[in-house]
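Student: Give me a model of this one.
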Amino acid sequence: MDQKIILLPALLLLIWTGIYFLLRGRMLSKGRQTTYAHWIHLSLADMFYNINEKLIFQIVISVTIIGMLLGFFIPGKVSQADKKNTITQAIQLNQQKEYSQAVLLLEEVISNNSPLVYNELGVAYLGMNNYKRAESELRKAVKALPHYGKAHQNLAILYTIMERYTESAFEEARAREAGNFNIPDHQLYNLPDNLTDQLGTRIFLAALLALGIYNLPRPIIMFLRQRRRKKFEEQLADGLVMISNGLRAGLSLVQAIEMVVQEAKPPVSQEFDMVLSEHRLGSSLGDALIHLAERMPGPDTKIMVNATLILLESGGNLPERFDTLAQTIQERRRIQLKIKSMTAEGETQAWILALLPLFLALILNSMNHEVFSLMYTTIMGWMLIVLIGLMEAVGLFLMLKAVKVKI
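Tutor: Numbering: from 1, shown residues only. Below you'll find the model as predicted:
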């Protein structure tokens with residue numbers, strides 16, 4: 001309890017630091033200072049996601065604090081799981097009568113005052129004919145958990161071997177009485193999460209997760225933008241065909257774009273609606289199309305905008321030109337799909353190579369858990385995991401870039 005009281009100011013300091021950086025976080029956006037939450041709000045609004053700025057701020061600060069707390073408490077849970085695994089291995093060694101190895105494992109976790117550890121140590125020393133030490137450990141087990149039936153039964157066996165029959169009968173009776181009690185695992189293992197253990201690892205992981213989650217909206221927004229732009233490029237050819245058909249039907253270019261807004265699906269309808277809105281507010285149609293190319297900086301969009309600007313200035317057969325643009329975009333799309341199918345094998349190999357170290361780590365952990373567990377139970381191990389993760393990400397990026405063909 002005293003350790004928790006001592007650690008409470010440090011935990012509050014971590015939380016306050018996260019709140020401070022969230023409140024003071026700044027970034028440049030279009031040449032002026034805006035808050036991080038405001039930038040997220042504007043970025044989502046550009047993609048027609050209308051989310052309140054205050055709500056965004058509350059979500060970001062909440063998940064950052066949750067990530068910080070998770071990072072602080074995860075090492076303790078990992079350590080508990082590792083100790084449970086050590087105890088389980090020791091039990092298996094006792095069952096295999098490899099008592100000396102079981103003692104070596106149990107000595108690593110004996111400081112936890114665990115009834116199960118004391119009992120298994122007693123069994124191991126009993127198997128090694130060290131009766132004095134076996135009695136001492138089994139006595140510790142029943143003292144830590146008086147209704148622990150197995151410990152009483154093992155004491156009865158020990159006293160029978162030592163020809164102390166009165167005490168053996170007494171322990172037999174205690175074992176029968178204890179058989180009526182259902183002991184929860186947390187009492188049997190008694191592995192509390194000491195908040196001061198691995199404090200450096202806890203603080204490092206808390207800061208790492210807080211920083212990672214705080215910056216998580218950036219890659220999410222980049223992913224949403226990329227997905228939206230890709231979908232726009234896929235729909236652009238159909239939109240141009242609709243414009244061409246409208247022009248053939250006698251509509252003006254603005255009216256043909258209005259038809260796309262009404263009949264097409266987002267995001268093509270949304271982006272062309274923005275073009276019309278700018279045009280109605282006084283911007284020329286050419287400037288509105290240039291702004292469209294800035295919002296959707298894909299090669300097909302640039303080709304369409306440049307060709308339309310030339311036609312608006314020099315004149316020409318608009319329906320035929322839009323049909324040609326649509327055919328060009330569709331042909332480029334067909335070639336892209338063909339190239340993607342041809343490079344699929346290279347991408348699969350890149351992912352296999354990237355995931356191979358993970359499978360090797362799992363195999364090494366199962367083969368030599370005692371040594372490999374240092375990777376995720378020490379601060380140096382966590383730092384190595386972060387470094388490995390970064391190198392894996394860079395390697396995967398370079399491999400995927402190598403097999404990508406631009407047209």
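Student: Show me the domain layout of this protein.
Tutor: 2-81+196-215, 110-189, 228-339, 344-403 (automatic domain parsing).
Student: Could you tell me the least trusted of the ones you listed?
Tutor: Lowest mean pLDDT of the domains of the chain: domain 2-81+196-215, a mean of 72.
Student: Turn the domains of the chain into a markdown table, including distance to T88 and mean neighbour count.
Tutor: Heads up, the C-betas are built off the backbone N, CA and C, glycines and all. Shown next, in a markdown table, are the domains of the chain (distance: least, Cβ to Cβ, whole Å; neighbours: other Cβ atoms under 10 Å):
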| stretch | distance to T88 | mean neighbour count |
| --- | --- | --- |
| domain 2-81+196-215 | 10 | 16 |
| domain 110-189 | 10 | 18 |
| domain 228-339 | 49 | 17 |
| domain 344-403 | 11 | 13 |
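Student: who's in contact with stretch 95-106?
Tutor: Contact partners of stretch 95-106, identified using Cβ atoms under 8 Å, 6 or more residues apart in numbering, comprise 86-87, 89-91, 93-94, 117, 120-121, 123-125, 127-128.
Student: Send me stretch 287-295 as CSV with only the CA atoms.
Tutor: Extracted C-alpha coordinates of stretch 287-295, given in CSV (Å, rounded to 0.1, in the frame of the first residue of the first chain):
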residue,chain,number,x,y,z
ASP,A,287,-10.5,28.2,-61.0
ALA,A,288,-13.0,25.9,-59.4
LEU,A,289,-11.6,23.0,-61.5
ILE,A,290,-8.0,23.9,-60.5
HIS,A,291,-9.1,23.8,-56.8
LEU,A,292,-10.6,20.3,-57.6
ALA,A,293,-7.1,19.2,-58.8
GLU,A,294,-5.6,20.5,-55.6
ARG,A,295,-8.0,18.5,-53.4
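Student: Report the contact partners of the closest residue to I243 other than its chain neighbours.
Tutor: Of all residues not flanking I243 in the chain, A256 sits nearest, at 4.4 Å (Cβ to Cβ, 6 or more residues apart in numbering). By Cβ under 8 Å, 6+ apart, the contact list for A256 reads 242-244, 246-247.
Student: Export only the CA atoms of the helix or strand that contains A256, formatted as PDB.
Tutor: Secondary structure assigned from DSSP states H and E places A256 in helix 253-263. What follows is helix 253-263, C-alpha atoms only, in PDB (Å, rounded to 0.1, in the frame of the first residue of the first chain):
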ATOM      1  CA  LEU A 253     -21.000  22.300 -69.100                       C
ATOM      2  CA  VAL A 254     -22.300  23.600 -65.700                       C
ATOM      3  CA  GLN A 255     -25.600  21.800 -66.200                       C
ATOM      4  CA  ALA A 256     -23.800  18.600 -67.200                       C
ATOM      5  CA  ILE A 257     -21.800  18.800 -64.000                       C
ATOM      6  CA  GLU A 258     -25.000  19.400 -62.000                       C
ATOM      7  CA  MET A 259     -26.300  16.100 -63.500                       C
ATOM      8  CA  VAL A 260     -23.200  14.300 -62.200                       C
ATOM      9  CA  VAL A 261     -23.800  15.800 -58.800                       C
ATOM     10  CA  GLN A 262     -27.400  14.500 -58.800                       C
ATOM     11  CA  GLU A 263     -26.800  11.000 -60.200                       C
END
